[in-house]
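Chemist: Starting from these lines, generate the structure:
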Amino acid sequence: MKERGVEVDHATLNRWIIRYSLAIAVKAKSQKRETNKSWRMDETYRFCRNNYQKHRPPGLQA
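Modeler: Residues are numbered from 1 along each chain as shown. Model (predicted):
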């Protein structure tokens, strides 16, 4: 708002968030695409001792 030359108090912003956040969430949820019901995780990376390590589940060891 400040970029556009409008000064708004933090309390006003808080009231706007309380008032409009539910409406925005409902609109966003209604426009969200459905995901595939089935998905699998093949491998992940974990951060340990300052580096990334690849981790695979036991059934996918190659």
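
Chemist: And the helix or strand hosting R19, how far out from the chain middle?
Modeler: In the assignment (DSSP states H and E), R19 maps to helix 10-31. From the chain centre to the centre of helix 10-31 is a distance of 16 Å (Cα atoms, centre = their mean, to the nearest Å).

Chemist: what about stretch 32-50, average pLDDT?
Modeler: Stretch 32-50 shows a mean pLDDT of 71.

Chemist: Between its first and last residues, how far does that stretch reach?
Modeler: Distance between the two ends of stretch 32-50: 37 Å, counting by Cα to Cα, to the nearest Å.

Chemist: Flag every buried residue along that stretch.
Modeler: In terms of neighbour count (16 or more other Cβ atoms under 10 Å), stretch 32-50 has no buried residues at all. Placement of C-beta: from N, CA and C, glycine included.

Chemist: So which elements touch the helix holding R19?
Modeler: On a contact count with 3 or more Cβ pairs under 8 Å, 6 or more residues apart in numbering; DSSP states H and E, helix 10-31 meets no helix or strand.

Chemist: Could you point out the helix or strand that follows it?
Modeler: Scanning onward from helix 10-31 (DSSP H and E), the first element met is strand 44-48.

Chemist: That next one pairs with which strands, and in what direction?
Modeler: For strand 44-48, the pairing partners within the sheet under DSSP bridges are strand 51-55 (antiparallel).

Chemist: quick one on the thing from earlier: just the CA trace of the helix holding R19, in CSV.
Modeler: Once non-C-alpha atoms are left out, helix 10-31 reads as follows in CSV (Å, rounded to 0.1, in the frame of the first residue of the first chain):
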residue,chain,number,x,y,z
HIS,A,10,-1.5,-2.1,11.1
ALA,A,11,-4.8,-2.4,12.9
THR,A,12,-6.7,-1.7,9.7
LEU,A,13,-4.7,-4.4,7.9
ASN,A,14,-5.5,-6.8,10.7
ARG,A,15,-9.2,-6.1,10.4
TRP,A,16,-9.1,-6.6,6.6
ILE,A,17,-7.3,-10.0,7.1
ILE,A,18,-9.9,-11.1,9.7
ARG,A,19,-12.8,-9.9,7.4
TYR,A,20,-11.6,-11.2,4.0
SER,A,21,-9.4,-14.2,4.7
LEU,A,22,-12.3,-16.7,4.9
ALA,A,23,-13.8,-15.5,1.6
ILE,A,24,-10.4,-15.7,-0.1
ALA,A,25,-9.8,-19.2,1.2
VAL,A,26,-13.2,-20.4,0.0
LYS,A,27,-12.7,-19.0,-3.4
ALA,A,28,-9.2,-20.5,-3.7
LYS,A,29,-10.5,-23.9,-2.6
SER,A,30,-13.3,-23.9,-5.1
GLN,A,31,-10.8,-23.2,-7.9
